[in-house]
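K.L.:
starting from these lines, generate the structure:
(one chain, ligands or ions: 1)
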Amino acid sequence: MKLLILNGPSLNMLGVREPEIYGNNTYFDLCKLIEAHAAEIGAEVEIRQTNHEGVLVDWIQEARGCFDGIILNPAAYTHTSVALLDALLAVQIPTVEVHISDPMRREAFRRISYVREACIETIAGKGLNGYLEAIDFLCGQEKIQ
Ligand code: DQA
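P.N.:
Numbering: from 1, shown residues only. You can find the predicted model right below:
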């Protein structure tokens, strides 16, 4: 199973940005954690981060025919981006939405997720482990099909 893991704006600042919300682990730590878990269960992962909405749209479109699943933490674009929703609807690749924090328990403006309706699962509030859960979920889906 080949998974594309996409991270939106300021997730490269993990460890520095609001540690009381996102924890002390860095983006590098997150990548190492994901890679170790993927290796353990025999999944192939490619992890990317960008601060630019259009780049995320390009990566989602380019994933068509190349990846079996997408794990997407759109960060702030979760709450604003119809463009990301449309890209996901266009490619029809099984996608899991991940958030390190639980946006439903934060400010009201974070309670809307535009991408959610194009995702087969949302995992939020589980810290970095949410990414590992998302990998397991997508690998489990593969066995069902
Ligand atoms: C986030 C939650 C978003 O509301 C926020 O804008 C982020 C990170 C999370 O992983 O908890 O940048 O997606």
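K.L.:
hey, let's count contacts and neighbours off CA atoms from now on
P.N.:
Fine.
K.L.:
so where's the chain uncertain?
P.N.:
144-145 (pLDDT under 70).
K.L.:
one more time with 90, if that's ok
P.N.:
In the prediction, the chain carries residues with pLDDT under 90 at positions 141-145.
K.L.:
got the contact list for the nearest residue to His79 once chain neighbours are set aside?
P.N.:
In space, and not counting its chain neighbours, His79 is closest to Ser113: 5.0 Å by CA to CA, 6 or more residues apart in numbering. Going by CA atoms under 8 Å, 6 or more residues apart in numbering, Ser113 touches 78-80.
K.L.:
three-state assignment of Ser113?
P.N.:
Of the three states, Ser113 takes coil according to DSSP: H, G, I helix; E, B strand; the rest coil.
K.L.:
the one 4 residues further on too?
P.N.:
Following three-state DSSP, Glu117 is assigned to helix.
K.L.:
list the buried ones in the helix or strand hosting Asp86?
P.N.:
If you go by DSSP states H and E, Asp86 is part of helix 82-91. Using 16 or more other CA atoms under 10 Å as the test for burial, helix 82-91 gives 83-85, 87-88.
K.L.:
would you mind pulling up the elements that that helix packs against?
P.N.:
helix 53-62 (3 or more CA pairs under 8 Å, 6 or more residues apart in numbering; DSSP states H and E).
K.L.:
what about the helix it packs on and the ligand, any contact?
P.N.:
No. Counting by CA under 6 Å from any ligand atom, no contacts exist between helix 53-62 and the ligand, the nearest distance being 12.6 Å.
K.L.:
quick one: list the elements packing against that helix.
P.N.:
helix 82-91.
K.L.:
ok now the helix it packs on, how far from the chain's centre?
P.N.:
Chain-centre distance of helix 82-91: 14 Å, with CA atoms, centre = their mean, to the nearest Å.
K.L.:
and what of stretch 84-104?
P.N.:
With CA atoms, centre = their mean, you get 7 Å for stretch 84-104.
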